[in-house]
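K.L.:
need a 3D model of the following:
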Amino acid sequence: MTVTDRNAPAAWVAVEDDGDADDAADAMPLSMRLSIADTLTLSNATCGFLAVYFTTTGVLIPHLTNSGDAGVVRNNAATAVLLMLLASVFDLCDGLVARKLRASPMGAELDNLSDLISFGLAPAYFVLVWGMVVGDVHEPLSALAATVVMLAVVLRLARFSCVTMPDGVFQGMPSPFGALTVVSIVLLELPFMPTLLAIVGVAWLMVSRVEYPKPRGPLAAAMLAWIVLSMALLTAWAFDAPGGLLMLQTGCSLQLVLGAVIPLFAMARRVYAFRDNRREARAGIEP
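P.N.:
Just a heads-up that it's a prediction; the model follows:
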(Lines give C-alpha, C1' and ligand atoms only; values in the text may rest on other atoms or scores of the structure.)
Protein backbone atom coordinates (compact mmCIF):
# COMPACT_ATOMS: atom_id res chain seq x y z
CA MET A 1 0.00 0.00 0.00
CA THR A 2 1.34 3.44 -0.93
CA VAL A 3 0.81 6.32 1.48
CA THR A 4 1.02 9.77 -0.06
CA ASP A 5 1.22 13.00 1.92
CA ARG A 6 -0.41 15.72 -0.14
CA ASN A 7 1.34 18.41 1.90
CA ALA A 8 4.79 16.96 1.27
CA PRO A 9 7.16 18.92 -1.01
CA ALA A 10 7.14 17.84 -4.61
CA ALA A 11 10.83 16.87 -4.42
CA TRP A 12 9.96 13.94 -2.16
CA VAL A 13 8.48 10.83 -3.75
CA ALA A 14 6.33 8.31 -1.91
CA VAL A 15 8.07 5.00 -1.21
CA GLU A 16 6.46 1.59 -1.09
CA ASP A 17 6.36 0.01 2.36
CA ASP A 18 8.38 -2.92 1.01
CA GLY A 19 10.56 -0.82 -1.31
CA ASP A 20 14.28 -1.41 -1.42
CA ALA A 21 17.08 0.96 -0.39
CA ASP A 22 17.64 2.16 -3.96
CA ASP A 23 14.07 3.45 -4.17
CA ALA A 24 14.55 5.30 -0.89
CA ALA A 25 17.75 6.85 -2.18
CA ASP A 26 16.01 7.94 -5.38
CA ALA A 27 13.29 9.59 -3.27
CA MET A 28 15.88 11.77 -1.49
CA PRO A 29 16.58 15.16 -3.09
CA LEU A 30 19.97 15.29 -4.79
CA SER A 31 21.11 18.16 -2.56
CA MET A 32 20.59 16.02 0.57
CA ARG A 33 22.65 12.99 -0.48
CA LEU A 34 26.04 12.66 1.19
CA SER A 35 28.97 11.32 -0.80
CA ILE A 36 32.03 9.55 0.60
CA ALA A 37 33.90 12.84 0.31
CA ASP A 38 31.20 14.56 2.39
CA THR A 39 31.61 11.95 5.12
CA LEU A 40 35.32 12.74 5.28
CA THR A 41 34.50 16.45 5.42
CA LEU A 42 32.13 15.90 8.35
CA SER A 43 34.87 13.89 10.08
CA ASN A 44 37.06 16.98 9.66
CA ALA A 45 34.44 19.11 11.45
CA THR A 46 34.08 16.52 14.22
CA CYS A 47 37.83 16.57 14.88
CA GLY A 48 37.78 20.37 15.10
CA PHE A 49 34.94 20.34 17.62
CA LEU A 50 36.66 17.68 19.74
CA ALA A 51 39.87 19.73 19.68
CA VAL A 52 37.94 22.60 21.28
CA TYR A 53 36.48 20.14 23.81
CA PHE A 54 39.90 18.80 24.90
CA THR A 55 41.38 22.29 25.03
CA THR A 56 38.55 23.33 27.36
CA THR A 57 38.31 20.31 29.64
CA GLY A 58 41.97 19.36 29.67
CA VAL A 59 43.75 22.73 29.64
CA LEU A 60 41.43 25.64 30.48
CA ILE A 61 39.35 24.15 33.30
CA PRO A 62 42.37 22.70 35.19
CA HIS A 63 44.00 26.14 34.94
CA LEU A 64 40.92 27.96 36.23
CA THR A 65 40.38 25.51 39.09
CA ASN A 66 44.09 25.05 39.93
CA SER A 67 43.66 21.31 39.54
CA GLY A 68 45.07 18.65 37.29
CA ASP A 69 48.51 17.15 36.92
CA ALA A 70 50.95 18.78 34.49
CA GLY A 71 51.28 15.51 32.60
CA VAL A 72 47.52 15.23 32.19
CA VAL A 73 47.30 18.81 30.94
CA ARG A 74 50.12 18.10 28.47
CA ASN A 75 48.32 14.98 27.22
CA ASN A 76 45.09 16.89 26.68
CA ALA A 77 46.85 19.72 24.85
CA ALA A 78 48.58 17.14 22.66
CA THR A 79 45.24 15.42 22.01
CA ALA A 80 43.70 18.71 20.88
CA VAL A 81 46.57 19.31 18.44
CA LEU A 82 46.46 15.68 17.24
CA LEU A 83 42.79 16.16 16.42
CA MET A 84 43.64 19.25 14.35
CA LEU A 85 46.27 17.21 12.53
CA LEU A 86 43.72 14.46 11.93
CA ALA A 87 41.27 17.06 10.64
CA SER A 88 43.90 18.17 8.12
CA VAL A 89 44.22 14.54 6.95
CA PHE A 90 40.47 14.36 6.37
CA ASP A 91 40.60 17.73 4.60
CA LEU A 92 43.37 16.48 2.33
CA CYS A 93 41.60 13.22 1.57
CA ASP A 94 38.10 14.59 0.91
CA GLY A 95 39.35 16.63 -2.05
CA LEU A 96 41.21 13.65 -3.49
CA VAL A 97 38.17 11.40 -3.07
CA ALA A 98 35.83 14.01 -4.55
CA ARG A 99 38.00 14.25 -7.67
CA LYS A 100 38.23 10.46 -8.05
CA LEU A 101 34.60 9.62 -7.29
CA ARG A 102 32.01 12.34 -7.03
CA ALA A 103 31.05 15.30 -4.86
CA SER A 104 27.54 16.17 -3.70
CA PRO A 105 26.03 19.57 -4.59
CA MET A 106 26.68 20.77 -1.04
CA GLY A 107 30.25 19.45 -0.86
CA ALA A 108 31.92 22.83 -1.27
CA GLU A 109 29.74 24.43 1.43
CA LEU A 110 30.39 21.55 3.82
CA ASP A 111 34.12 21.87 3.20
CA ASN A 112 34.17 25.59 4.01
CA LEU A 113 32.07 25.17 7.16
CA SER A 114 34.18 22.27 8.40
CA ASP A 115 37.41 24.18 7.72
CA LEU A 116 36.04 27.12 9.68
CA ILE A 117 35.56 24.87 12.73
CA SER A 118 38.80 22.88 12.53
CA PHE A 119 41.19 25.51 11.19
CA GLY A 120 39.52 28.72 12.35
CA LEU A 121 37.74 28.16 15.65
CA ALA A 122 39.97 25.39 17.07
CA PRO A 123 43.38 27.10 16.62
CA ALA A 124 41.99 30.53 17.58
CA TYR A 125 40.55 29.03 20.76
CA PHE A 126 43.90 27.31 21.41
CA VAL A 127 45.62 30.71 21.20
CA LEU A 128 43.04 32.25 23.53
CA VAL A 129 43.51 29.53 26.16
CA TRP A 130 47.30 29.84 25.83
CA GLY A 131 47.01 33.53 26.68
CA MET A 132 44.91 32.75 29.74
CA VAL A 133 47.37 30.12 30.94
CA VAL A 134 50.56 32.19 30.52
CA GLY A 135 49.18 35.05 32.60
CA ASP A 136 46.15 37.29 33.07
CA VAL A 137 48.08 40.38 31.97
CA HIS A 138 48.46 38.83 28.49
CA GLU A 139 44.88 37.65 28.14
CA PRO A 140 43.50 40.72 26.25
CA LEU A 141 46.32 40.59 23.69
CA SER A 142 45.97 36.85 23.21
CA ALA A 143 42.22 37.34 22.73
CA LEU A 144 42.99 39.94 20.06
CA ALA A 145 45.44 37.58 18.33
CA ALA A 146 42.90 34.75 18.46
CA THR A 147 40.29 37.04 16.89
CA VAL A 148 42.74 37.99 14.13
CA VAL A 149 43.37 34.30 13.37
CA MET A 150 39.64 33.55 13.30
CA LEU A 151 38.86 36.49 10.99
CA ALA A 152 41.78 35.62 8.72
CA VAL A 153 40.38 32.11 8.20
CA VAL A 154 36.88 33.49 7.60
CA LEU A 155 38.19 35.96 4.99
CA ARG A 156 40.39 33.35 3.38
CA LEU A 157 37.58 30.83 3.00
CA ALA A 158 35.23 33.50 1.66
CA ARG A 159 37.84 34.64 -0.87
CA PHE A 160 38.49 31.05 -1.90
CA SER A 161 34.81 30.71 -2.83
CA CYS A 162 34.78 33.94 -4.86
CA VAL A 163 38.19 34.25 -6.53
CA THR A 164 39.29 32.02 -9.40
CA MET A 165 42.98 31.18 -9.26
CA PRO A 166 45.21 29.46 -11.82
CA ASP A 167 44.99 25.70 -11.59
CA GLY A 168 47.35 24.22 -9.02
CA VAL A 169 47.80 27.17 -6.66
CA PHE A 170 46.11 28.80 -3.67
CA GLN A 171 46.18 32.51 -2.94
CA GLY A 172 47.34 32.87 0.64
CA MET A 173 48.47 30.18 3.06
CA PRO A 174 45.86 27.37 3.12
CA SER A 175 43.85 27.41 6.33
CA PRO A 176 44.85 23.87 7.47
CA PHE A 177 48.54 24.73 7.07
CA GLY A 178 47.97 28.10 8.74
CA ALA A 179 46.19 26.52 11.70
CA LEU A 180 48.98 24.00 12.27
CA THR A 181 51.59 26.77 11.98
CA VAL A 182 49.77 28.88 14.58
CA VAL A 183 49.60 25.93 16.97
CA SER A 184 53.29 25.16 16.33
CA ILE A 185 54.21 28.73 17.31
CA VAL A 186 52.32 28.34 20.61
CA LEU A 187 53.93 24.96 21.35
CA LEU A 188 57.42 26.41 20.87
CA GLU A 189 56.84 28.39 24.09
CA LEU A 190 58.76 31.44 22.94
CA PRO A 191 58.49 34.76 24.84
CA PHE A 192 55.01 36.24 24.68
CA MET A 193 55.52 39.14 22.26
CA PRO A 194 57.49 37.19 19.61
CA THR A 195 54.82 34.48 19.79
CA LEU A 196 52.06 37.05 19.39
CA LEU A 197 53.75 38.73 16.41
CA ALA A 198 54.41 35.37 14.74
CA ILE A 199 50.73 34.38 15.13
CA VAL A 200 49.59 37.67 13.58
CA GLY A 201 52.14 37.14 10.79
CA VAL A 202 50.66 33.74 9.94
CA ALA A 203 47.18 35.29 9.93
CA TRP A 204 48.46 37.87 7.44
CA LEU A 205 49.91 35.13 5.23
CA MET A 206 46.50 33.44 5.09
CA VAL A 207 44.87 36.55 3.60
CA SER A 208 47.89 37.64 1.54
CA ARG A 209 48.43 37.23 -2.20
CA VAL A 210 51.35 34.86 -1.63
CA GLU A 211 50.75 31.76 -3.72
CA TYR A 212 50.95 28.24 -2.26
CA PRO A 213 50.85 25.10 -4.43
CA LYS A 214 47.87 22.80 -4.07
CA PRO A 215 48.76 19.45 -2.48
CA ARG A 216 48.41 17.11 -5.42
CA GLY A 217 50.40 14.08 -6.51
CA PRO A 218 53.83 13.86 -4.87
CA LEU A 219 53.22 17.04 -2.87
CA ALA A 220 50.04 15.55 -1.36
CA ALA A 221 51.97 12.41 -0.40
CA ALA A 222 54.73 14.55 1.13
CA MET A 223 52.18 16.58 3.12
CA LEU A 224 50.52 13.40 4.40
CA ALA A 225 53.91 12.00 5.44
CA TRP A 226 54.72 15.27 7.24
CA ILE A 227 51.41 15.16 9.13
CA VAL A 228 52.03 11.56 10.22
CA LEU A 229 55.55 12.50 11.38
CA SER A 230 54.12 15.47 13.28
CA MET A 231 51.65 13.15 15.01
CA ALA A 232 54.51 10.88 16.06
CA LEU A 233 56.55 13.78 17.45
CA LEU A 234 53.52 15.11 19.32
CA THR A 235 52.78 11.69 20.79
CA ALA A 236 56.37 11.35 22.00
CA TRP A 237 56.06 14.73 23.76
CA ALA A 238 52.66 13.86 25.24
CA PHE A 239 53.99 10.69 26.87
CA ASP A 240 57.17 12.46 28.04
CA ALA A 241 59.44 10.21 26.00
CA PRO A 242 63.20 10.82 26.26
CA GLY A 243 63.98 13.76 24.02
CA GLY A 244 60.25 14.27 23.39
CA LEU A 245 60.35 18.00 24.04
CA LEU A 246 63.33 18.47 21.73
CA MET A 247 61.62 16.46 18.99
CA LEU A 248 58.46 18.54 19.38
CA GLN A 249 60.40 21.80 19.18
CA THR A 250 62.24 20.55 16.10
CA GLY A 251 58.98 19.61 14.41
CA CYS A 252 57.37 22.95 15.26
CA SER A 253 60.40 24.84 13.96
CA LEU A 254 60.29 22.87 10.69
CA GLN A 255 56.60 23.72 10.36
CA LEU A 256 57.49 27.42 10.47
CA VAL A 257 60.30 26.93 7.94
CA LEU A 258 57.94 25.07 5.59
CA GLY A 259 55.45 27.92 5.82
CA ALA A 260 58.12 30.26 4.47
CA VAL A 261 59.70 27.87 1.94
CA ILE A 262 56.66 26.22 0.30
CA PRO A 263 55.59 29.43 -1.56
CA LEU A 264 58.93 29.23 -3.39
CA PHE A 265 57.62 26.14 -5.19
CA ALA A 266 54.65 28.11 -6.54
CA MET A 267 57.01 30.96 -7.49
CA ALA A 268 59.31 28.53 -9.32
CA ARG A 269 56.29 27.08 -11.11
CA ARG A 270 55.33 30.54 -12.36
CA VAL A 271 58.89 31.25 -13.50
CA TYR A 272 59.08 28.00 -15.46
CA ALA A 273 55.65 28.63 -16.98
CA PHE A 274 56.73 32.14 -18.00
CA ARG A 275 59.90 30.79 -19.61
CA ASP A 276 57.96 28.10 -21.47
CA ASN A 277 55.52 30.69 -22.78
CA ARG A 278 58.38 32.87 -24.01
CA ARG A 279 60.00 29.94 -25.78
CA GLU A 280 56.70 29.04 -27.46
CA ALA A 281 56.19 32.67 -28.50
CA ARG A 282 59.67 32.88 -29.97
CA ALA A 283 59.20 29.57 -31.76
CA GLY A 284 56.00 30.89 -33.30
CA ILE A 285 57.67 34.10 -34.51
CA GLU A 286 60.78 32.49 -36.00
CA PRO A 287 60.39 31.29 -39.59
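K.L.:
so where do the strands sit in this structure?
P.N.:
Taking DSSP state E as the test, the strands found in the chain are 169-171, 211-213.
K.L.:
neighbouring strands of the last one in the sheet, and parallel or not?
P.N.:
Read it as strand 211-213. strand 169-171 (antiparallel) (DSSP bridges).
K.L.:
list the buried residues for stretch 106-124?
P.N.:
Of all the residues in stretch 106-124, those buried under the rule 16 or more other CB atoms under 10 Å are 106-107, 110-124. In this view, the C-beta of every residue, glycine as well, is placed from N, C-alpha and C.
K.L.:
got the contact list for T65?
P.N.:
With contacts defined as CB atoms under 8 Å, 6 or more residues apart in numbering, T65 has no neighbours.
K.L.:
all the helices of the stretch 51-200 of the chain, residue numbers only.
P.N.:
Under the criterion DSSP state H, counting those that start in this stretch, the stretch 51-200 of the chain contains helices at 61-65, 70-100, 107-116, 122-134, 139-162, 175-187, 192-207.
K.L.:
as TSV, the strands of the chain with mean pLDDT and mean neighbour count would be great.
P.N.:
Below are these laid out as TSV (pLDDT from 0 to 100; neighbours: other CB atoms under 10 Å):
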stretch	mean pLDDT	mean neighbour count
strand 169-171	82	19
strand 211-213	84	20
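K.L.:
these: which one's closest to I199?
P.N.:
Among the strands of the chain, strand 211-213 comes nearest to I199, with 18.4 Å by CB to CB.
K.L.:
and among the helices of the stretch 51-200 of the chain, the most buried is which?
P.N.:
Compared across the helices of the stretch 51-200 of the chain, helix 175-187 shows the largest average neighbour count, a mean of 25 (mean count of other CB atoms under 10 Å).
K.L.:
thank you kindly, that will do.
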